[in-house]
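# Just the structure for this:
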Amino acid sequence: MLLKDKYSGRHIQTILLGLLPLVMMSGCIVIPIPTGEKPYYAKAVPNLQVGITSKNEARTEFGVPNVTFKEDSELIYITTQESWKIIWGFILLSPVSASAGGGVETLHTRYVLSLSFDKKDVLSEFESDKAGDDFGDCTRHGICFGNNNTDVMRYADSATEAAAKEFKPNEAQCSIYLHGPGNKKAYEVSFDGKILMNMFSTKAFVHWTAKPGSHSLGVFPKPAYLDFGCGAGEIVFVHLDRKRFSPSKLHREDSATGRAHIADRQLVLLPTY
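The predicted structure follows:
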């Protein structure tokens, strides 16, 4: 049934629940109408050729990506389009009066184009996908969103995640694991005064390496800070403890506790800025 489209179900459910009492007392009508709008890049996608299209050609065709991953070898383009118009109306009858009303609800879909390039900057694969426009909605290929198209979180493939969970130290660098509280809140993460990522949430963890020395980690918008030292070959586990009615905290964990927490979480990739 059209009303159960997975990208607009929550919106429609809200409308129907609000109209339920009216249905019981009189009658109402809800008409879903698809708008048929397509993403701005739809006409150009058929021209993409794996093994032939270069990164420069893609940038010329599609413009500046919303976000990039994998050291700038994956370009992500996002556009939000109208997908449905929900026209609804009701008539309320009672022994002494009658009234009527209605309105139009517009539903949106995020369209996502992901372009991956090899070491020679030649297109190796591409995916055109979609997701709803609610907080926390994800595509089938693991690209998730916060409140807007700049809050983007990219889940890693299974092989990359498995390698990170081996917890192998880097003899020349310090290794840092940060994991979240397992809820649907978007966080901005900074490291040594620079933005590390704009979106971090939902039972995720992130892993990166840094030069040995003193470092500063910050998480926003509900601020939490941690200053720590990290030596060559050392692995540091940091837990974000978000409190609802008190300040959030970042704190180091011992190796056993950190590894146990990471085991239950999925790896997300750091964007390239």
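
# ok but residue 262 is inside a helix, no?
Yes. The assignment for residue 262 is a helix, going by DSSP: H, G, I helix; E, B strand; the rest coil.

# Run a quick neighbour tally on it.
22 (other Cβ atoms under 10 Å). The way it works is simple: take the backbone N, C-alpha and C, and place the C-beta from them, glycine included.

# same check, this time on the one 10 residues further on
Residues contacting residue 272 under the criterion other Cβ under 10 Å number 14.

# Go ahead and flag the most central residue of this structure.
Centroid check for the chain by Cα atoms, centre = their mean gives residue 144 as the closest residue, at 2.1 Å.

# Let's verify residue 160: helix, strand, or coil?
helix.

# any idea what sits nearest it, other than its immediate chain neighbours?
Nearest residue to residue 160 in three dimensions, chain neighbours excluded: residue 267, at 6.5 Å (Cβ to Cβ, 6 or more residues apart in numbering).

# partners of the one you found in the sheet?
Beta-bridge partners recorded for residue 267 (DSSP bridges): residue 205.

# okay, residue 32: pLDDT?
In this model, residue 32 is scored at 67, pLDDT.

# Next: the one 5 residues further on.
The score at residue 37 is 72. That number is its pLDDT.

# which residue sits closest to it, ignoring its sequence neighbours?
Spatial nearest neighbour of residue 37, excluding adjacent residues (Cβ to Cβ, 6+ apart): residue 81 at 4.3 Å.

# In terms of secondary structure, what does the helix or strand where that neighbour lies contact?
Using DSSP states H and E, residue 81 falls within strand 74-93. Applying 3 or more Cβ pairs under 8 Å, 6 or more residues apart in numbering; DSSP states H and E, we find strand 74-93 packed against helix 9-25, strand 27-34, helix 55-62, strand 67-69, strand 98-117, strand 152-155.

# what lines up beside the fourth one in the sheet?
Paired neighbours of strand 67-69 in the sheet (DSSP bridges): strand 74-93 (antiparallel), strand 271-272 (antiparallel).

# Report the separation between the residue nearest to residue 152 when sequence neighbours are not counted and residue 143.
With sequence-adjacent residues excluded and distances taken as Cβ to Cβ, 6+ apart, residue 152 is closest to residue 67, at 4.7 Å. Plainly put, residue 67 is 9 Å away from residue 143 if you go by Cβ to Cβ, to the nearest Å.

# With residue 204 instead?
Residue 204 is 13 Å from residue 143, by Cβ to Cβ.

# Name the residues contacting each of those two.
Residues touching both residue 204 and residue 143 (Cβ atoms under 8 Å, 6 or more residues apart in numbering): 153, 155.

# just the helices in the stretch 101-250 of the chain please.
For the stretch 101-250 of the chain, the helices defined by DSSP state H, counting those that start in this stretch cover 158-164.

# before we move on, back to that, tell me who's in contact with the residue nearest to residue 160.
155-156, 160-161, 164-165, 204-207.
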